[in-house]
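K.L.:
What follows is a predicted structure for the sequence shown.
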Amino acid sequence: MKLAEMAYLKDTVMWKVARTTLSREQQERLQVLHDKLQRIELTPGELIEEQALVKLYREALLASAQAVALLQHRGYDVSDPLQFYP
C-alpha cells in the first residue's frame, strides 16, 4: 500500500497499521545477523537476508508513523506510545 492511499483507510485499520512491526522471528533473526556483523562478515546469503529484513523494518516504521500522523489528524490522542505496542 502506498502512503498516500492510507488516508482512505478506516480508523480501525489505521490503528492496526500504526501497531505494525516485524514479527518476533524477523526481529530475532535481524538481531542475530546484526550481532554477527559486528564480529565477522556476513555470507552473501546472510547479507541479502539482512538487507531484506532492514527494508521490511523501514517500510513498517514508515507506514506506522504515517498512520499515527493520520490518526492524530483525525482527532485521536496518540501521545501515549504504549498504545502502539502490538
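P.N.:
Nice, thanks for sending it over.
K.L.:
Figure out how far the helix or strand hosting residue 12 is from the centre of its chain.
P.N.:
Of the helices and strands defined by DSSP states H and E, residue 12 is found in helix 11-18. Mean C-alpha position of helix 11-18 versus that of the full chain (Cα atoms, centre = their mean, to the nearest Å) differs by 13 Å.
K.L.:
packing partners for the very next helix or strand once past that helix?
P.N.:
Scanning the chain past helix 11-18 towards its C-terminal end, the next helix or strand to appear is helix 24-39 (assignment: DSSP H and E). Judged by 3 or more Cβ pairs under 8 Å, 6 or more residues apart in numbering; DSSP states H and E, the packing partners of helix 24-39 are helix 44-73. Where C-beta positions appear, they are placed from N, C-alpha and C, glycine not excepted.
K.L.:
Show me what counts as buried in the helix it packs on.
P.N.:
Of the residues in helix 44-73, those with enough neighbours to count as buried (16 or more other Cβ atoms under 10 Å) are 50, 53, 63-64, 66-68, 70-71.
K.L.:
still on that earlier bit, can I get the CA coordinates of the helix holding residue 12 in CSV?
P.N.:
What follows is helix 11-18 as a C-alpha-only set of coordinates in CSV (Å, rounded to 0.1, in the frame of the first residue of the first chain):
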residue,chain,number,x,y,z
ASP,A,11,-9.8,4.2,11.7
THR,A,12,-9.7,0.5,12.9
VAL,A,13,-7.4,-0.4,10.1
MET,A,14,-5.3,2.7,10.7
TRP,A,15,-4.8,1.6,14.3
LYS,A,16,-3.7,-1.8,13.1
VAL,A,17,-1.2,-0.2,10.7
ALA,A,18,0.1,2.1,13.5
